[in-house]
Structures are given as structure tokens and as C-alpha cells.
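*Asks:* Test case, fold it:
(4 chains)
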Number of protein chains: 2
Amino acid sequence: MLYAVVMSSALPPLPKPQEPLESSHLLEIGPASDEPCLRADAARNRARLLEAAARLIAEHGVAGVTMEAVAAAANVGKGTVFRRFGDRTGLLTALLDHSAKQLQADFLSGPPPLGPGSPPLERLRAFGVAVLYRTAEQLDLQLAAQPEPTRRFAHPAAGSLRMHLTVLLRQIVPGADCDLLAHTLLASLDPALIHHLTRQRGMPMERLEAGWLDLVARVTRTDPPR
Amino acid sequence: MLYAVVMSSALPPLPKPQEPLESSHLLEIGPASDEPCLRADAARNRARLLEAAARLIAEHGVAGVTMEAVAAAANVGKGTVFRRFGDRTGLLTALLDHSAKQLQADFLSGPPPLGPGSPPLERLRAFGVAVLYRTAEQLDLQLAAQPEPTRRFAHPAAGSLRMHLTVLLRQIVPGADCDLLAHTLLASLDPALIHHLTRQRGMPMERLEAGWLDLVARVTRTDPPR
DNA sequence: AAGAAAACTGGACCGCGGTCCGTTTGGGGT
DNA sequence: ACCCCAAACGGACCGCGGTCCAGTTTTCTT
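*Replies:* Alright, predicted model coming up:
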């Protein structure tokens, strides 16, 4: 039930496994999107698979995480991996899930300046910085988990970030098209961009951080447009 | 329409085919990077391949453009396709090449407000709008041509756009980190984002256009940061 | 004009992501 | 305790992107 409530894309308990969870309108993706009741063996296999995947990453890097390899390492059939996670992206995303939930919890109910209690502008600044560093920490995985362009923004976790951003923006610049602005701001924190700037162009994280703060400052100036 | 057939992005006579052309430092990617000399048969096959690819797109959409299918449709071996274009992305990019050069010519030496002659801010505004509509026109192809995340920003054409943006920005907000700012602004024009906003969230192009203008206005305000 | 080096060609081959479907299994109902 | 079927399983199978290399064609040299 936890999920039934939220999902819009009515999938009956059917062969098509992944619930991509269209929902860009809900705030939490928390414990909800979990499979509510998973048969004992299924749950066991799921755990095995995640563990195997993590091990493979540790040993051979993200590139070594092949669906077949994961299946083999978990002593499970290939079909099972796909049934459970939908596709490679789904598996990789699942690996990021914990950290994603953590971040979400932090800005939804954690301590200031990220969580409620600080003024919106403060939270906005902290938000970007937090995302920035989290992304940098898991760059390889984040990059590999990025779905093909068509689905990049449908991703529920991204939706949650965007929603939070939008809410903050509305408090700061109520006159603007906050929805659009949120997209833009998030785009500037895209893992691929961060990868390019830090690894391919050698910018230090401090510069990106300063860039975010500057961007936020510019975007949120409240004096009338020229 | 014989799109552009013969031109551009090809590779020096090297064993490893694709020269991704690191060059973020040069302004034009124009006739320079042209194949210096392409053997007669190679040139003929290149043209055939592009034509075949275009026909396939027209008939079956971008998804129908399979490397094997293109090769077959052009009466050419599969290996030849890869030798010429490096990979699928390369082929698709080549199809976009003509339009890319056109755009570049427009803002480098075309008439105002896009080209030189207008004040920088005017040009910046026009630039975004131009990119926006060009992208929207070729959305499917643009999306399909997008390389994997790691290489997304290494793409030379994107580099040229960014460079131009940077130059404009330096004239408008000399105090800022224009390089970074250019990346951010460009990110807000990403094909995947445009796709998401217009096709998945149903925003009209006018709203995106307004969003760009507003973003530019906000970002280029020159009064001191708070 | 001839011969050799360089460039190009084509298709067999590989690995991986993803699908399909016949088989097995867990666990709720009786 | 047993039955039953939805759910889960596993591995054969497919298509596509990408590589490789033996053989062919073009162009350069003298």
C-alpha cells in the first residue's frame, strides 16, 4: 500500500517490473517506493544482488558491473536481475538509493542550514553545496547510473530534488517562474557537468561551490529586471 | 535535400578513427577540421552513408538508424561506417553538422541581433533563443546524438557554443566567473531538458523562451551581490 | 608504367543489455 | 497437511554497437 497511493503509472502486478514512479508531484520517495511485500526468496536475492554489485564495483570499477557478472556473482539467473531492477540503470540507481534518501532526509527534516529552520536563501545555498559534494563523492556511480537522455529527468529522485528547489525558490523569488528556474539550477549541478569541470577541466570543487553561491545570488536578486 | 553531404568532421588518416578534437580553445570548428584529403572511394562512401542514414530517419525515425542498417542501405560494409564516423554518435552528429555550422556562422558573422553589431546583452538573448528553437526543431536527432555522460561536454560543437557564450559574458559581467557561468547557461539549453519540458511536461516554447530571457536578465544584473 | 606503401573495405566475431518462456517455489486458504 | 497459483526463477535467445584483420583499391614514387 505504501506505494499504491503514489504511483500514477498504474502497473498491475505484471511482468513489467520497474515502477519508474512517474510522480514528480510527491515530496518523498522514501520507504514508499519499496516493494511492499517481497517473497522471501526474492528479498534474499535482491540483497545478494546488491551486495554482489557493490563488490564488483569495489573490485573492477563501475565498468565491471555487468548484468551477467552481477547475476553470476550472486548465484542467480540473469532474468532475475532484470526482473528485480528493470535494467542496468535501475540496479545502479538502487545502489545510490541509500545516499539519495539520506540527502532527502537531510533537507526535509535535518538540522539547519540544510533543513528547515534557516531562511530559504540560506537553505538554497546549502542545498547546492550538499548536492555538489555528494555527487562528487560518487561521481563514477552517478555517471553510470544516468539513464538515456529521454528518461533523465523522469527519474524520481531528481524529481524530489527539483520539487524541493521549487518550494524554496517560491519563497525567495515569488514573482519568477520557479518551476523553470529550478530546472535550470539543477542542471548546473548535473553529474556529467561536474565530471567535466572537475576531471576534464581540472577545476577544484571550491570553484564550483563558489560558482553555485554566485549563481544563486544572481538569480535571487529581487530588484526589478531591466 | 542533400544535406551537407560531403562536409566536415572527419578524421585525419589515423588508425584510431575518431579524433574527438579536444579543442576547446579554438573558435571555429568550421572547414578547418575537414578531412584534409579523403580517398575518392572513401568520400563517395561517406556521402552514400549520410544519405542512407537520412533516408532511414525519414522512414523509420531515429531509432531505425542502426549501424548495420545504414551500412546495408548504403551498400557498404559495417566496418566502413565505423571507420568513417567512429561510432553511432559520430554518425548522428555528422547529420547535424550542417545545421551546427549554420548556427555558428550566424552568431559569428551573421546579421544582428545574433551576429556582431548588437550590444552583447542583446546578442546573448538572441543566442539562447536561436539555440532553443534549433534544438526543438531537431529534438529527436539531437537526443539520439547525445553521447554518453562522460563525453557530453567534450563534444567540439558544444565547445564552440560555450566559447561564444563565454566571450559575450565577459563583456557583460566582467567580474564573474564567466567560464562557469557559460556552462550553467548552456546547461539550461540542453536538448534533454528541452525535451523533458516540452514533451513530457507540456510547456510551450514561448515559456522556455521567456525563461531564458528572464534567466539572462537575472544573471547579468550588475549591482553588487548582497 | 610498374611496384610498393598507405588507406580503405567488408563481414565474421564478440560482449552486453534486454526479452521470453517453460519450470519451480513460496505461502495463503481450506 | 495439502493444494494451488501468483510470483519468482534461470538461462537460451536476440539485436545491436563495436572490434579485427585478411584482402582489395588508390595513390605516390621513380
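*Asks:* Quick check: residues of chain A near chain B?
*Replies:* A:143, A:146, A:149-150, A:152-154, A:176-177, A:180-181, A:183-184, A:187-188, A:190-193, A:195-197, A:200, A:203, A:207-208, A:210-211, A:214-215, A:217-221, A:223, A:225-226 (CB under 8 Å from any CB of the partner chain). Yep, even glycine has a C-beta here, placed from its N, CA and C like the rest.
*Asks:* Now a ChimeraX select for only the buried ones of those residues.
*Replies:* The following ChimeraX line selects those of the residues of chain A next to chain B that are buried, judged by 16 or more other CB atoms under 10 Å in any protein chain shown:
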select /A:143,146,149,150,152,153,154,176,177,180,181,183,184,187,188,190,191,192,193,195,196,197,203,207,208,211,214,215,218,219,220,221
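*Asks:* In helices, which of the residues of chain A next to chain B fall?
*Replies:* Per DSSP state H, helices hold the following members of these: A:143, A:180-181, A:183-184, A:187, A:191-193, A:195, A:207-208, A:210-211, A:214-215, A:217-220.
*Asks:* Contacts only, for the residue nearest to A:Thr220 when sequence neighbours are not counted.
*Replies:* Closest residue in space to A:Thr220, ignoring its immediate chain neighbours: A:Ile172 at 5.1 Å, by CB to CB, 6 or more residues apart in numbering or on different chains. Residues counted as contacts of A:Ile172 (CB atoms under 8 Å, 6 or more residues apart in numbering or on different chains) are A:Pro120, A:Leu121, A:Leu124, A:Thr220.
*Asks:* Next: A:Val70.
*Replies:* For A:Val70, the contacting residues are A:Leu49, A:Ala52, A:Ala53, A:Leu56, A:Val81, A:Leu91, by CB under 8 Å, 6+ apart.
*Asks:* Kindly report the same for A:Met205.
*Replies:* A:Leu132, A:Tyr133, A:Ala136, A:Thr198.
*Asks:* The residue most central in space within chain A: helix or strand, and which one exactly?
*Replies:* By CA atoms, centre = their mean, chain A has its centre lying nearest to A:Ala157, at 3.9 Å. Assigned by DSSP states H and E, A:Ala157 falls within helix A:156-172.
*Asks:* now do A:Leu92
*Replies:* helix A:88-109.
*Asks:* Show me which positions of that helix end up buried.
*Replies:* In helix A:88-109, counting by 16+ other CB under 10 Å, buried: A:88-96, A:99-101, A:103-104, A:106-107.
*Asks:* follow-up on the earlier one: just to check, the residue nearest to the centre of chain A is in contact with A:Thr93?
*Replies:* Yes. A:Ala157 lies in contact with A:Thr93 (CB atoms under 8 Å); the separation is 7.4 Å.
*Asks:* In chain A, where is pLDDT below threshold?
*Replies:* Filtered on pLDDT under 70, chain A yields the residue ranges A:1-36, A:223-226.
*Asks:* Go ahead and measure how far whichever strand or helix holds A:Val70 is from the middle of the chain.
*Replies:* Using DSSP H and E, A:Val70 sits in helix A:67-73. Remark: helix A:67-73 is offset 24 Å from the chain centroid, using CA atoms, centre = their mean, to the nearest Å.
*Asks:* Repeat that for stretch A:154-162.
*Replies:* Centre-to-centre, stretch A:154-162 and its host chain are 6 Å apart (CA atoms, centre = their mean).
*Asks:* thinking again about what came up before, among the contacts of A:Met205, which ones are in helices?
*Replies:* Applying DSSP H to the contacts of A:Met205, the entries found in helices are A:Leu132, A:Tyr133, A:Ala136.
*Asks:* Report the separation between the second one and A:Thr184.
*Replies:* A:Tyr133 sits at a distance of 20 Å from A:Thr184 (criterion: CB to CB, to the nearest Å).
*Asks:* what sits against the closest residue to A:Leu49 other than its chain neighbours?
*Replies:* Closest residue in space to A:Leu49, ignoring its immediate chain neighbours: A:Ala74 at 4.7 Å, by CB to CB, 6+ apart. Neighbouring residues of A:Ala74 by CB under 8 Å, 6+ apart: A:Asn45, A:Arg48, A:Leu49, A:Glu51, A:Ala52, A:Val81.
*Asks:* mind running it again at 10 Å?
*Replies:* By CB atoms under 10 Å, 6 or more residues apart in numbering or on different chains, the contact list for A:Ala74 reads A:44-53, A:55-56, A:80-81.
*Asks:* Can you list phi and psi of it for me?
*Replies:* Phi and psi for A:Ala74, reported as degrees, to the nearest 10, are phi -100, psi 0.
*Asks:* how distant is stretch A:153-172 from the center of its chain?
*Replies:* 11 Å.
*Asks:* again with stretch A:95-107
*Replies:* Offset of stretch A:95-107 from its chain centre (CA atoms, centre = their mean): 8 Å.
*Asks:* does DNA strand C sit close to that stretch?
*Replies:* No. Stretch A:95-107 stays clear of DNA strand C (CB under 7 Å from any atom of the strand), getting no nearer than 13.7 Å.
*Asks:* mind saving the C-alpha coords of that stretch as PDB?
*Replies:* The C-alpha coordinates for stretch A:95-107 follow below in PDB (Å, rounded to 0.1, in the frame of the first residue of the first chain):
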ATOM      1  CA  LEU A  95      22.900   1.300  -5.200                       C
ATOM      2  CA  LEU A  96      22.600   5.000  -4.900                       C
ATOM      3  CA  ASP A  97      19.300   4.800  -3.100                       C
ATOM      4  CA  HIS A  98      20.600   4.900   0.400                       C
ATOM      5  CA  SER A  99      22.600   8.100  -0.100                       C
ATOM      6  CA  ALA A 100      19.700   9.600  -2.000                       C
ATOM      7  CA  LYS A 101      17.300   9.000   0.800                       C
ATOM      8  CA  GLN A 102      19.800  10.400   3.300                       C
ATOM      9  CA  LEU A 103      20.200  13.600   1.400                       C
ATOM     10  CA  GLN A 104      16.500  13.900   1.100                       C
ATOM     11  CA  ALA A 105      16.000  13.400   4.800                       C
ATOM     12  CA  ASP A 106      18.700  16.000   5.500                       C
ATOM     13  CA  PHE A 107      17.000  18.800   3.600                       C
END
